[in-house]
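Model the following, please.
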Amino acid sequence: MRSAVAALLAVFATGVLSACTGPAPGVAVTGAADTTPATPARPDHVVIVMLENKDEGDALRDGHYLASLARSGASLTDMHAETHPSQPNYVALFSGDTHGVTDDSCPHTSDAPNLASELVGAGYTFAGYSEDLPEPGYTGCEHDGYARKHSPWTDFSSVPASANQPLDAMPTDYSTLPTVSFVIPNLCHDMHDCSIAEGDAWLRDNLDPYATWARTHNSLLLVSFDESESKHDSDNHIATVAVGERVSPGPVTERADHYGLLRTLEDLYGLPALGHSADAAAIPALWNTSAGR
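Predicted coordinates for the structure are as follows:
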C-alpha cells in the first residue's frame with residue numbers, strides 16, 4: 001500500500017491537483033500525512049458519478065444499465081436529497097453544508113473546508129472531471145452542456161483550479177486515478193435535458209470499464225442523483241448505487257442522504273466530519289472494511 005500511496009502522491013505532484021505554480025492555501029500535503037499509508041480497508045480509488053432529477057423507480061427500471069449495477073452491487077433503497085433545486089445538493093455532498101446556496105445561480109465562492117481540501121491535507125488526491133468543460137480550471141458558469149452549478153469544487157478557494165478537469169483528462173489507466181474523483185456528465189447525459197435511456201447508455205459506455213475494474217482492484221464506484229424529479233415529493237427520494245471489490249451486494253435499507261454519503265467517505269479516509277455530515281450516520285454496507293483482499 002505504501003507504493004500505491006506514493007504513486008498517487010506522484011500524480012498529485014505532477015498532474016491533477018498541482019498543475020498550478022504552487023498549492024493553494026489549505027490544500028498542501030503535510031509531511032506527517034506523506035508517511036502514513038492507507039489501511040487495506042480503504043478504497044484505493046473512488047469515482048462518484050452524479051446524475052440529475054430522476055425518481056428512483058424510473059432510474060432503476062428493468063432493462064436499464066443502472067438497474068444492472070444496482071443488482072450486482074449495493075442499492076440504497078431509502079436514499080434522499082436535501083432540497084430542491086440541484087445546486088445546493090451538490091454543495092452539501094461536497095462540503096457538508098449548503099452554505100446559503102438555495103438556487104442554481106452562478107457563481108458562488110466559499111473558503112469553507114471541503115472534501116477535496118481534507119483529502120489533500122491528509123495526503124490523498126482529488127479531481128473533478130466534467131463533460132464539456134472547455135479547458136482545465138475553467139471558471140465560467142456554462143459552456144455547451146457544461147454547467148458550473150454541478151461542479152461544486154469550482155466554488156471553493158481551497159481547491160486549486162487544476163483540480164477542475166475536462167472529462168477527457170480522466171485517465172484510462174485507472175490505477176493512476178486520484179484517490180477520490182467526481183465525474184459530471186453534461187446536461188444531456190446526466191438526464192437533465194435528455195431521456196433516462198440516453199443518460200443510461202452514456203453511463204454504460206463511459207463508466208462500465210471502471211465498474212468492472214473496481215470489482216477486482218480495491219476500488220469503488222458510486223452513482224447518485226442530485227434530487228428527485230417530483231418536486232412535490234417531500235421525501236426527495238433518489239437512486240444511489242455502489243459497486244466495488246468490497247461492496248456487499250444487495251439492498252441497503254437504512255435511511256441515508258448526501259451528508260451520510262459524505263460521512264462514509266470521510267470515515268473511510270480518516271477525515272474530520274464536515275458540517276452536517278458530523279450528525280449523519282455513515283453507510284458501512286457500501287464498503288466492507290472487514291473483508292480480506
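
Extract the residue ranges of this protein that are flagged as low pLDDT.
Residue ranges of the chain with pLDDT under 70: 1-40, 231-233, 291-293.

residue closest to the middle of it?
residue 48 (3.1 Å; CA atoms, centre = their mean).

Where does that one sit, in terms of helix or strand?
Counting by DSSP states H and E, the element that carries residue 48 is strand 45-51.

what packs against that strand?
strand 180-184, helix 196-214, strand 219-225 (3 or more CB pairs under 8 Å, 6 or more residues apart in numbering; DSSP states H and E). Quick note: C-beta positions are derived from backbone N, CA and C, even for glycine.

now these in CSV, with mean neighbour count?
Putting those into CSV (neighbours: other CB atoms under 10 Å) gives the following:
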stretch, mean neighbour count
strand 180-184, 24
helix 196-214, 18
strand 219-225, 25
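
Nearest to residue 172, out of those?
helix 196-214 (7.9 Å; CB to CB).

The closest one packs against which elements?
Going by 3+ CB pairs under 8 Å, 6+ apart, helix 196-214 lies up against strand 45-51, helix 56-59, helix 65-72, strand 219-225, strand 240-244.

and the angle from it to strand 180-184?
160 degrees (axes from the mean of the first three to the mean of the last three CA atoms, to 10 degrees).

got a list of contacts for helix 196-214?
45, 47, 49, 51, 54, 58-59, 61, 64-66, 69, 167, 172, 174, 183, 185, 188-191, 219-221, 223, 243-245 (CB atoms under 8 Å, 6 or more residues apart in numbering).

Buried ones among those?
With burial judged by 16 or more other CB atoms under 10 Å, the buried subset of the contacts of helix 196-214 is 45, 47, 49, 51, 54, 59, 64-66, 69, 167, 174, 183, 185, 188-191, 219-221, 223, 243-245.

what's the helix or strand for the closest residue to residue 98 other than its chain neighbours?
Nearest residue to residue 98, sequence neighbours excluded (CB to CB, 6 or more residues apart in numbering): residue 88, at 4.1 Å. Taking DSSP H and E as the criterion, residue 88 maps to helix 86-95.
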